[in-house]
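J.: I need the structure of the sequence given here:
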Amino acid sequence: MQERANNLGRVLAKGKIHLVYGGGSLGLIGCVSTAAHVGGSQVLGIIPTALVEGKFAGKTVMEELRVQTMQHRIWKMLINSDASITLSDGIDTLEEIFQIAFWAQLNIHHKPISLLNVDGFFNKLLSFLD
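T.: Numbering: from 1, shown residues only. Below is the predicted model:
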């Protein structure tokens, strides 16, 4: 999984695609952000102050925007991006998937939403939603 996350970061950089993500350097998204940054992409991490102060996130590469709440983080990621791609990373990832999908259902946005379903990680979730 880690190598696939690194590869996604490299693909973003090669395509000159900027990365907006939930901040920090831990987990798979940490691999994506580092690889994207090393490859030349602009990287913006949006992170709640509580995660930084609680040392739950690691250090964000490049630019970091601190917000007050997780809800505000998701909103800021949405308005600063053109699309959403989700990796298997943690419980907060599920919150982000459902919040962004719900906002699309309410016509708050019309941006593409995708899951990077490596090794069938999201199969059961997709089956449940079907």
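J.: contacts, neighbours, all on C-alpha from now
T.: Fine.
J.: elements contacting the longest helix along the chain?
T.: Across the chain, the helix with the greatest residue count (assigned by DSSP state H) is helix 91-105. If you count contacts as 3 or more C-alpha pairs under 8 Å, 6 or more residues apart in numbering; DSSP states H and E, helix 91-105 packs onto helix 70-79.
J.: residues near Met1, how many?
T.: Neighbour count for Met1, taken as other C-alpha atoms under 10 Å: 13.
J.: by mean pLDDT, point me to the weakest helix or strand of this structure.
T.: helix 49-53 (a mean of 82; mean pLDDT, DSSP states H and E).
J.: can you name the next helix or strand after that one?
T.: Next in sequence after helix 49-53, counting helices and strands by DSSP states H and E, comes strand 63-67.
J.: mind listing what's buried along that next one?
T.: Neighbour-count burial for strand 63-67, with 16 or more other C-alpha atoms under 10 Å as criterion, is recorded at Glu64, Arg66, Val67.
J.: the first one contacts Gln42, doesn't it?
T.: Think Glu64. No - applying C-alpha atoms under 8 Å as the test, Glu64 and Gln42 come out as separate, 11.3 Å apart.
J.: how close does the residue nearest in space to the middle of the chain sit to Arg10?
T.: Nearest to the centroid of the C-alpha atoms of the chain, with distances taken as C-alpha atoms, centre = their mean, sits Tyr21, at 4.0 Å. Distance from Tyr21 to Arg10, counting by C-alpha to C-alpha, to the nearest Å: 15 Å.
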